[in-house]
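Peer 1: Here is a sequence with its predicted model. Questions after.
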Amino acid sequence: MEDRGASDIDVVQHARPRSEFSDWVDARSQMRIDPEAGPGWHIGVQPLDDGTTAISLVLSHNLIDGLGLALVIVEAALGKTRDLGYPLPQSRTRLRALGQDARQTARDVPQVAKALVAAVKLGRKQARDRSQSDRVPAPRPVAVEPDKADEVVLVPALTIYVSLDAWDARANALAGASHTLAAAFAARFGERIGRRRADGGTVTLQIPISERTEDDTRAMALSYARVSIDPTSLTTDLRDVRSAIKKTLTVLRETPDESKQLLWLPSFAPKRTLQRMVARMPADPDQSVFCSYLGDLSSMIGYPAGTLADFQN
């Protein structure tokens with residue numbers, strides 16, 4: 001299928017109250033995107049009654065990850081473009097496109113075969129781990145009714161603005177760094193919403209680690225680190241958090257992540273098969289908290305219209 005790209009930028013002419021900004025963000029997040037057939041992204045511009053203008057960019061995570069997105073926004077502000085090697089729209093006949101795609105599929109078959117083997121190994125490993133674990137049995141997945149499979153779910157969100165100087169000062173005072181303070185905040189939040197594990201009182205963080213290099217054009221250039229943190233003393237000392245994250249990252253670098261091979265499967269599996277696979281997956285027994293941290297980004301990311309933005313979320 002061919003992605004014809006997003007339509008023109010959606011610029012609203014009338015101003016909206018600043019107090020309704022979050023409602024506008026929620027509305028933009030529910031607008032349809034489709035990474036396969038398109039549009040895979042959309043941009044909206046909304047003037048507010050306090051004289052500011054909000055800009056929203058929504059896109060599929062199947063197209064790019066957070067750090068990659070930050071990179072291409074900066075490149076766009078600088079006028080830099082990339083040649084990804086894709087043929088231009090309507091530049092191939094249907095027969096030629098089918099032939100080229102068939103050859104590419106044939107080249108990818110060995111990777112898919114490896115992915116199937118990896119899936120079997122991971123399934124057996126998870127079964128062994130569950131049978132040998134003394135933890136409370138993992139909750140079973142909730143059955144989804146067919147007519148509700150595509151129901152829109154509006155995820156609650158909360159935005160907090162913190163001075164960068166105040167954030168860094170607090171991290172230093174606790175013998176940590178900016179990223180460890182973010183992890184500590186996530187762990188404490190996890191504790192507040194009941195995510196402590198039953199076998200030791202720790203909170204499990206799932207932290208995405210970027211593997212993107214300068215000329216890397218992969219959509220998802222990530223690994224995921226799982227770190228168990230005791231949230232008890234996080235408001236007074238971050239050294240244990242720093243040590244736990246450092247140890248986990250060392251193991252991650254030294255141990256190949258077999259689950260990455262599974263990324264080859266979605267492109268070849270029918271949609272109905274993928275839905276069944278997701279529905280049958282057991283819930284995470286640790287009820288981990290996802291903690292994503294992009295770090296200090298270039299100031300150029302805040303120049304969507306040629307002047308520096310007041311806030312960047």
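Peer 2: That came in fine, so what should we check first? Residues are numbered from 1 along each chain as shown.

Peer 1: Could you say which helix or strand holds the residue of the chain most remote from its centre?
Peer 2: Computed with CA atoms, centre = their mean, the residue of the chain farthest from its C-alpha average is residue 95, at 36.4 Å. Under the criterion of DSSP states H and E, residue 95 resides in helix 94-132.

Peer 1: Now do the helix or strand just after that helix: everything it contacts.
Peer 2: Sequence-wise, the next helix or strand downstream of helix 94-132 (DSSP H and E) is helix 164-173. By CB atoms under 8 Å, 6 or more residues apart in numbering, the residues outside helix 164-173 that reach it are 177, 178, 180, 181, 238. For the C-beta atoms, the positions are set from N, CA and C on the backbone; glycine is no exception.

Peer 1: what about 7 Å?
Peer 2: 177, 178, 180, 181 (CB atoms under 7 Å, 6 or more residues apart in numbering).

Peer 1: circling back: quick one: the residue farthest from the centre of the chain from residue 101, how far?
Peer 2: Per CB to CB, to the nearest Å, residue 95 is found 11 Å from residue 101.

Peer 1: what's the answer for residue 183, then?
Peer 2: Taking CB to CB, one finds residue 183 at 43 Å from residue 101.

Peer 1: neighbour count winner among those two?
Peer 2: Neighbours per residue (other CB atoms under 10 Å) separate residue 183 from residue 101, with residue 183 holding more: 25 against 11.

Peer 1: ok, now which ones touch the more buried one?
Peer 2: With CB under 7 Å, 6+ apart, residue 183 has these contacts: 205, 207, 241, 245, 291.

Peer 1: Which positions within the helix or strand hosting it qualify as buried?
Peer 2: Using DSSP H and E, residue 183 falls within helix 178-192. By neighbour count on 16 or more other CB atoms under 10 Å, the buried set for helix 178-192 is 179, 180, 181, 182, 183, 184, 185, 186, 187, 188, 190, 191.

Peer 1: okay, the angle between it and helix 164-173?
Peer 2: Between helix 178-192 and helix 164-173, the angle comes out at 80 degrees (axes from the mean of the first three to the mean of the last three CA atoms, to 10 degrees).

Peer 1: what's downstream of helix 178-192, the next helix or strand?
Peer 2: With elements assigned by DSSP H and E, the helix or strand that comes after helix 178-192 is strand 203-210.

Peer 1: Mind giving me the packing neighbours of that next one?
Peer 2: helix 178-192, strand 222-229, strand 289-290 (3 or more CB pairs under 7 Å, 6 or more residues apart in numbering; DSSP states H and E).

Peer 1: how about the CA coordinates for it, as PDB?
Peer 2: Taking C-alpha atoms only, strand 203-210 is exported to PDB below (Å, rounded to 0.1, in the frame of the first residue of the first chain):
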ATOM      1  CA  VAL A 203       9.000  -1.000  41.700                       C
ATOM      2  CA  THR A 204      10.100  -2.200  38.200                       C
ATOM      3  CA  LEU A 205      10.900   0.500  35.700                       C
ATOM      4  CA  GLN A 206      11.000  -0.200  32.000                       C
ATOM      5  CA  ILE A 207      13.400   2.300  30.400                       C
ATOM      6  CA  PRO A 208      13.900   2.700  26.700                       C
ATOM      7  CA  ILE A 209      17.600   3.100  25.700                       C
ATOM      8  CA  SER A 210      18.400   4.700  22.400                       C
END
